[in-house]
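A.B. asks: predicted model follows, preceded by the sequence.
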Amino acid sequence: MKTRLPFKIVSYAFLGIGALFILAPIYLTLSIAMKTRAETTTNFFSPPSSLYLDNFISVINKANFWGMVQNSAFITIVSLLFMLIAIPMVSYAISRNTNKLYYKWVYTIILMGIFVPFQAIMLPIYRHMGNLELLNQPGLIIMYVTLSFSQGLFLCVGFLKNIPLELDQASKIDGCGVWLTFSRIIYPLMLPIIATILILNSLWIWNDFQLPLIMLNRHPDFWTLPLFIYNFKTESSFDYTLAFAAFSLSMAPIAIVYVFTQKYIIGGLTEGSIK
């Protein structure tokens with residue numbers, strides 16, 4: 001017991017420090033969003049003197065705010081729907097044909113994308129998508145689905161290795177083809193890892209700034225919320241109160257989704273990363 005007590009103290013100390021790193025930015029975001037400009041000038045880090053909501057009202061009343069919300073929601077939902085269909089199908093084909101060289105090579109090549117930093121492919125993405133005239137919302141959705149394949153395939157193939165081949169064989173004996181086996185038997189069993197992939201990618205797509213900046217820079221009417229928030233900055237000033245109010249509004253929907261679905265992330269990652 002004496003040896004365990006110091007370990008517990010150190011563990012709780014690290015947890016406290018970790019919680020501080022997480023809660024401090026949230027505190028700053030909400031406190032600055034509920035301050036007046038004068039308060040941020042005099043004391044940037046102090047709590048707000050009152051529940052000042054005019055910053056939120058100003059952001060909501062700004063032109064195109066709800067249009068940007070709709071753009072972000074459309075891009076996120078459509079991208080996730082394509083991921084929901086494509087990644088499990090490809091993963092199932094690879095996991096059931098790992099003895100074939102072709103599928104091994106496909107799996108290896110796709111997984112190599114995990115090790116490629118986004119900064120290395122920004123310029124090629126811009127040039128190639130520009131040549132294809134896809135610097136727009138459809139092109140952005142295509143890139144999100146494409147870039148999600150490496151991680152999604154890794155997790156789904158690892159998860160499918162835990163599903164016995166006997167299920168496929170039994171369904172084949174009952175007269176089911178590959179599609180019926182996948183759609184009626186395998187796909188429902190994949191729901192935990194599918195939920196994990198969708199949650200992780202929804203967090204990424206909703207909050208992403210770089211890819212929309214590259215793909216949608218020529219089309220201001222189709223900008224997403226991160227681009228809308230970025231434009232609070234002007235050449236001469238930066239309105240912190242409005243910007244942080246916009247931060248709070250933009251992170252609220254995805255934060256609520258994360259709070260209610262975080263258990264799927266932990267469970268799905270654990271089952272999908274090991275055999």
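C.D. replies: Structure received. Just so it is clear, the model here is predicted, and its values are computed rather than measured. Numbering: from 1, shown residues only.
A.B. asks: for the residue nearest in space to the middle of the chain, give me its contacts.
C.D. replies: Nearest to the geometric centre of the chain sits Trp204, at 2.3 Å (CA atoms, centre = their mean). By CB atoms under 8 Å, 6 or more residues apart in numbering, the contact set of Trp204 is Ser148. Just so you know, the C-beta spots here come from the backbone N, C-alpha and C atoms, and that holds for glycine as well.
A.B. asks: return the set of buried residues in stretch 113-125.
C.D. replies: Gly113, Ile125 (16 or more other CB atoms under 10 Å).
A.B. asks: so for it, mean pLDDT?
C.D. replies: The average pLDDT within stretch 113-125 is 87.
A.B. asks: so the residue nearest to the centre of the chain belongs to a helix, correct?
C.D. replies: Yes: with DSSP: H, G, I helix; E, B strand; the rest coil as the criterion, Trp204 is part of a helix.
A.B. asks: next SSE downstream of the strand or helix carrying Met129?
C.D. replies: Using DSSP states H and E, Met129 maps to helix 118-131. Next along the chain after helix 118-131, taking DSSP H and E as the criterion, comes helix 137-147.
A.B. asks: got the angle for the helix or strand where Gln151 lies vs helix 137-147?
C.D. replies: Gln151 belongs to helix 149-160 when assigned by DSSP H and E. Per axes from the mean of the first three to the mean of the last three CA atoms, to 10 degrees, the angle that helix 149-160 makes with helix 137-147 is 50 degrees.
A.B. asks: got the CA positions of helix 149-160 in CSV?
C.D. replies: The C-alpha trace of helix 149-160 is given here as CSV (Å, rounded to 0.1, in the frame of the first residue of the first chain):
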residue,chain,number,x,y,z
PHE,A,149,-9.2,6.0,-46.4
SER,A,150,-5.8,5.2,-44.8
GLN,A,151,-6.9,5.5,-41.2
GLY,A,152,-10.3,4.1,-41.9
LEU,A,153,-9.0,1.0,-43.7
PHE,A,154,-6.4,0.3,-41.0
LEU,A,155,-9.1,0.3,-38.3
CYS,A,156,-11.8,-1.6,-40.3
VAL,A,157,-9.4,-4.3,-41.6
GLY,A,158,-8.1,-4.8,-38.0
PHE,A,159,-11.7,-5.0,-36.7
LEU,A,160,-12.8,-7.5,-39.5
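A.B. asks: just checking, what packs against it?
C.D. replies: The helices and strands touching helix 149-160, judged by 3 or more CB pairs under 8 Å, 6 or more residues apart in numbering; DSSP states H and E, are helix 65-95, helix 101-111, helix 191-207, helix 240-272.
A.B. asks: for the ones you listed, which one sits closest to Asp54?
C.D. replies: Nearest to Asp54 among those is helix 240-272 (8.8 Å), distances taken as CB to CB.
A.B. asks: tell me the mean pLDDT for the helix or strand following the helix holding Gln151?
C.D. replies: Note on helix 149-160: by DSSP H and E, the next helix or strand toward the C-terminus is helix 165-173. Taken as a whole, helix 165-173 has a mean pLDDT of 83.
A.B. asks: pLDDT weak spots in the stretch 101-250 of the chain?
C.D. replies: By pLDDT under 70, the low-scoring segments of the stretch 101-250 of the chain are 232-238.
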